[in-house]
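>>> Give me the fold of what follows.
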Amino acid sequence: MSKIGIMGGTFNPIHLAHLIMAEHAYEQFALDKILFMPSKNPPHKPQKDILPDSLRSRMVQLAIEGNTHFEFSGLELDREGITYTFETLEELKEKHSENEYYFILGADSLFAIEQWRNPERILELSHIIAAVRDHLTEDKMLEQIAYLTEKFSAKIHLLETPNMDISSQMLREKIKLGQSIRYYVPNKVEQYILEHKLYKD
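Residues are numbered from 1 along each chain as shown. Predicted structure coming up:
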(Lines give C-alpha, C1' and ligand atoms only; values in the text may rest on other atoms or scores of the structure.)
Protein backbone atom coordinates (compact mmCIF):
# COMPACT_ATOMS: atom_id res chain seq x y z
CA MET A 1 0.00 0.00 0.00
CA SER A 2 1.35 3.41 -0.98
CA LYS A 3 0.78 6.46 1.21
CA ILE A 4 -0.15 9.38 -1.05
CA GLY A 5 -0.42 12.97 0.15
CA ILE A 6 -2.74 15.46 -1.54
CA MET A 7 -2.10 19.20 -1.56
CA GLY A 8 -5.19 20.82 -3.03
CA GLY A 9 -6.09 24.46 -3.55
CA THR A 10 -6.39 27.11 -6.21
CA PHE A 11 -2.62 27.86 -6.01
CA ASN A 12 -3.34 31.40 -7.15
CA PRO A 13 -0.33 31.63 -6.94
CA ILE A 14 1.48 28.72 -5.29
CA HIS A 15 3.98 29.94 -2.66
CA LEU A 16 6.66 28.69 -0.29
CA ALA A 17 4.30 27.96 2.61
CA HIS A 18 2.50 25.40 0.39
CA LEU A 19 5.80 23.72 -0.47
CA ILE A 20 7.18 23.69 3.08
CA MET A 21 3.92 22.27 4.45
CA ALA A 22 4.01 19.51 1.83
CA GLU A 23 7.67 18.68 2.48
CA HIS A 24 7.10 18.43 6.23
CA ALA A 25 4.05 16.19 5.68
CA TYR A 26 6.11 13.96 3.39
CA GLU A 27 8.81 13.53 6.02
CA GLN A 28 6.68 13.40 9.17
CA PHE A 29 4.23 10.78 7.86
CA ALA A 30 6.63 8.80 5.63
CA LEU A 31 4.52 9.44 2.54
CA ASP A 32 5.54 7.93 -0.79
CA LYS A 33 4.66 11.03 -2.79
CA ILE A 34 2.51 14.15 -2.72
CA LEU A 35 0.09 15.15 -5.47
CA PHE A 36 -0.22 18.89 -6.06
CA MET A 37 -3.76 19.20 -7.33
CA PRO A 38 -5.05 22.63 -8.45
CA SER A 39 -8.81 22.97 -8.08
CA LYS A 40 -10.95 24.06 -11.02
CA ASN A 41 -14.15 25.59 -9.59
CA PRO A 42 -13.93 25.63 -5.79
CA PRO A 43 -17.39 26.32 -4.32
CA HIS A 44 -16.11 28.84 -1.73
CA LYS A 45 -14.11 31.20 -3.98
CA PRO A 46 -15.32 33.73 -6.59
CA GLN A 47 -14.24 32.67 -10.08
CA LYS A 48 -13.38 36.22 -11.16
CA ASP A 49 -10.38 36.23 -8.81
CA ILE A 50 -8.90 32.98 -10.11
CA LEU A 51 -6.43 32.80 -13.00
CA PRO A 52 -7.12 30.35 -15.87
CA ASP A 53 -6.25 26.70 -15.22
CA SER A 54 -3.31 26.67 -17.62
CA LEU A 55 -1.48 29.54 -15.86
CA ARG A 56 -1.99 28.16 -12.34
CA SER A 57 -0.97 24.68 -13.50
CA ARG A 58 2.23 25.98 -15.04
CA MET A 59 3.18 27.81 -11.83
CA VAL A 60 2.63 24.63 -9.80
CA GLN A 61 4.74 22.62 -12.26
CA LEU A 62 7.55 25.19 -12.07
CA ALA A 63 7.37 25.25 -8.26
CA ILE A 64 7.72 21.48 -7.78
CA GLU A 65 10.27 20.92 -10.56
CA GLY A 66 13.21 18.83 -9.37
CA ASN A 67 11.46 17.34 -6.32
CA THR A 68 11.09 13.65 -7.11
CA HIS A 69 8.41 13.03 -4.48
CA PHE A 70 6.19 15.94 -5.60
CA GLU A 71 3.90 15.25 -8.57
CA PHE A 72 1.46 17.46 -10.49
CA SER A 73 -2.11 16.17 -10.86
CA GLY A 74 -4.70 17.69 -13.18
CA LEU A 75 -7.45 15.39 -11.90
CA GLU A 76 -9.74 18.18 -10.68
CA LEU A 77 -9.03 20.40 -13.70
CA ASP A 78 -10.27 17.63 -16.00
CA ARG A 79 -13.72 17.64 -14.39
CA GLU A 80 -16.57 19.97 -15.33
CA GLY A 81 -18.57 22.07 -12.90
CA ILE A 82 -17.94 22.67 -9.20
CA THR A 83 -15.01 20.73 -7.75
CA TYR A 84 -15.76 18.79 -4.57
CA THR A 85 -13.06 17.08 -2.52
CA PHE A 86 -15.18 14.02 -1.72
CA GLU A 87 -15.61 13.34 -5.47
CA THR A 88 -11.86 13.62 -6.01
CA LEU A 89 -11.18 11.12 -3.24
CA GLU A 90 -13.86 8.74 -4.56
CA GLU A 91 -12.28 8.86 -8.03
CA LEU A 92 -8.79 8.25 -6.63
CA LYS A 93 -9.95 5.32 -4.50
CA GLU A 94 -11.84 3.82 -7.43
CA LYS A 95 -8.76 3.97 -9.66
CA HIS A 96 -6.21 3.06 -6.97
CA SER A 97 -7.99 1.22 -4.16
CA GLU A 98 -4.65 -0.04 -2.88
CA ASN A 99 -3.47 3.47 -1.93
CA GLU A 100 -3.95 5.27 1.37
CA TYR A 101 -4.62 9.01 0.93
CA TYR A 102 -3.54 11.82 3.24
CA PHE A 103 -5.29 15.14 2.62
CA ILE A 104 -3.12 18.07 3.76
CA LEU A 105 -4.87 21.23 4.94
CA GLY A 106 -4.52 24.25 7.19
CA ALA A 107 -6.16 24.82 10.55
CA ASP A 108 -8.88 27.06 9.10
CA SER A 109 -10.03 24.27 6.79
CA LEU A 110 -10.10 21.78 9.66
CA PHE A 111 -12.59 23.98 11.50
CA ALA A 112 -14.64 24.54 8.33
CA ILE A 113 -14.69 20.97 7.06
CA GLU A 114 -18.23 20.28 8.24
CA GLN A 115 -19.39 23.00 5.80
CA TRP A 116 -17.76 21.14 2.89
CA ARG A 117 -19.88 18.87 0.69
CA ASN A 118 -20.16 15.37 2.23
CA PRO A 119 -17.51 15.77 4.97
CA GLU A 120 -18.24 12.26 6.21
CA ARG A 121 -17.02 10.83 2.88
CA ILE A 122 -13.85 12.95 2.96
CA LEU A 123 -13.08 11.74 6.46
CA GLU A 124 -13.92 8.14 5.57
CA LEU A 125 -11.74 8.04 2.45
CA SER A 126 -8.64 9.83 3.73
CA HIS A 127 -6.45 10.68 6.64
CA ILE A 128 -6.33 14.40 7.38
CA ILE A 129 -3.02 16.14 8.05
CA ALA A 130 -3.69 19.54 9.63
CA ALA A 131 -1.14 22.31 10.13
CA VAL A 132 -1.42 24.63 13.14
CA ARG A 133 -1.66 28.38 12.45
CA ASP A 134 -0.63 31.29 14.71
CA HIS A 135 -4.15 32.39 15.62
CA LEU A 136 -5.12 28.90 16.87
CA THR A 137 -3.50 27.19 19.83
CA GLU A 138 -2.55 23.54 19.70
CA ASP A 139 -5.13 22.90 22.46
CA LYS A 140 -7.91 24.30 20.22
CA MET A 141 -6.70 22.11 17.37
CA LEU A 142 -6.67 19.02 19.58
CA GLU A 143 -10.22 19.82 20.74
CA GLN A 144 -11.41 20.02 17.13
CA ILE A 145 -9.57 16.80 16.23
CA ALA A 146 -11.17 15.00 19.18
CA TYR A 147 -14.61 16.30 18.16
CA LEU A 148 -14.28 15.22 14.51
CA THR A 149 -12.75 11.88 15.49
CA GLU A 150 -15.69 11.16 17.79
CA LYS A 151 -18.36 12.34 15.32
CA PHE A 152 -16.98 10.83 12.10
CA SER A 153 -14.44 8.22 13.26
CA ALA A 154 -11.95 10.47 11.47
CA LYS A 155 -8.21 9.84 11.19
CA ILE A 156 -6.66 13.28 11.82
CA HIS A 157 -3.02 14.10 12.53
CA LEU A 158 -1.29 17.33 13.56
CA LEU A 159 1.47 18.52 11.24
CA GLU A 160 4.57 20.00 12.83
CA THR A 161 5.64 22.77 10.47
CA PRO A 162 6.96 26.34 10.75
CA ASN A 163 4.25 28.98 10.96
CA MET A 164 4.53 31.02 7.78
CA ASP A 165 2.02 33.83 7.46
CA ILE A 166 1.89 33.85 3.66
CA SER A 167 -1.30 33.78 1.63
CA SER A 168 -1.95 33.89 -2.10
CA GLN A 169 -4.27 36.86 -1.56
CA MET A 170 -1.49 38.79 0.16
CA LEU A 171 0.85 38.07 -2.77
CA ARG A 172 -1.76 39.21 -5.32
CA GLU A 173 -2.14 42.49 -3.41
CA LYS A 174 1.63 43.02 -3.31
CA ILE A 175 1.84 42.50 -7.08
CA LYS A 176 -1.00 44.99 -7.70
CA LEU A 177 0.87 47.54 -5.58
CA GLY A 178 4.09 46.95 -7.52
CA GLN A 179 5.83 45.37 -4.53
CA SER A 180 8.31 42.51 -4.69
CA ILE A 181 7.26 38.90 -4.01
CA ARG A 182 10.83 37.65 -4.10
CA TYR A 183 11.48 34.93 -1.49
CA TYR A 184 7.72 34.36 -1.07
CA VAL A 185 7.55 32.13 -4.15
CA PRO A 186 10.15 29.99 -5.99
CA ASN A 187 12.32 32.02 -8.39
CA LYS A 188 10.82 30.39 -11.48
CA VAL A 189 7.30 31.21 -10.30
CA GLU A 190 8.26 34.83 -9.68
CA GLN A 191 9.76 35.08 -13.18
CA TYR A 192 6.67 33.50 -14.73
CA ILE A 193 4.39 36.00 -12.98
CA LEU A 194 6.55 38.94 -14.07
CA GLU A 195 6.94 37.75 -17.67
CA HIS A 196 3.20 37.19 -18.12
CA LYS A 197 2.21 40.29 -16.13
CA LEU A 198 -0.12 38.24 -13.95
CA TYR A 199 -2.31 39.76 -11.20
CA LYS A 200 -1.75 43.31 -12.49
CA ASP A 201 -5.47 44.17 -12.61
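>>> Check which helices and strands the helix or strand of the chain with the lowest mean pLDDT is in contact with.
Sorting the helices and strands of the chain by mean pLDDT, DSSP states H and E puts helix 107-112 at the bottom, at a mean of 93. Here helix 107-112 touches strand 127-131, helix 138-152, going by 3 or more C-beta pairs under 8 Å, 6 or more residues apart in numbering; DSSP states H and E. In short, each C-beta sits where N, CA and C put it, glycine included.
>>> buried set for that helix?
107, 109, 110, 111 (16 or more other C-beta atoms under 10 Å).
>>> from those, which is closest to residue 192?
Nearest to residue 192 out of the buried residues of helix 107-112 is residue 109 (C-beta to C-beta; 26.6 Å).
>>> residue ranges for the strands of this protein, please.
3-9, 33-38, 70-72, 100-106, 127-131, 156-159 (DSSP state E).
>>> For the third one, which residues meet the burial criterion?
Taking 16+ other C-beta under 10 Å as the neighbour-count basis, strand 70-72 is seen to contain the buried residues residue 70.
>>> that older thread, tabulate the helices and strands packed on helix 107-112 in JSON lines, adding columns for mean neighbour count.
What follows is these, written out as JSON lines (neighbours: other C-beta atoms under 10 Å):
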{"stretch": "strand 127-131", "mean neighbour count": "23"}
{"stretch": "helix 138-152", "mean neighbour count": "14"}
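>>> now those in CSV, with distance to residue 59?
Formatted as CSV, the helices and strands packed on helix 107-112 follow (distance: least, C-beta to C-beta, whole Å):
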stretch, distance to residue 59
strand 127-131, 21
helix 138-152, 30
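>>> I'd like to know which of the ones you listed is closest to residue 92.
Comparing the helices and strands packed on helix 107-112 by C-beta to C-beta, strand 127-131 comes nearest, at 13.0 Å.
>>> Okay, the residue sitting furthest away from the middle of the chain and residue 99: tell me how far apart.
With C-alpha atoms, centre = their mean as the measure, the chain has its most outlying C-alpha, relative to the mean C-alpha position, at residue 178: 26.6 Å. According to C-beta to C-beta, to the nearest Å, residue 178 and residue 99 sit 45 Å apart.
>>> go on, residue 154?
Remark: distance between residue 154 and residue 99 (C-beta to C-beta) = 18 Å.
>>> Which one of the two is surrounded by more residues?
More crowded of residue 154 and residue 99, by other C-beta atoms under 10 Å: residue 154, with 20 against 14.
>>> And the contacts of stretch 41-59?
With contact meaning C-beta atoms under 8 Å, 6 or more residues apart in numbering, stretch 41-59 is reached by 10-14, 38, 40, 72, 74, 77, 81-84, 117, 172, 189, 192-193, 196, 198-199.
>>> All good on my end, thank you.
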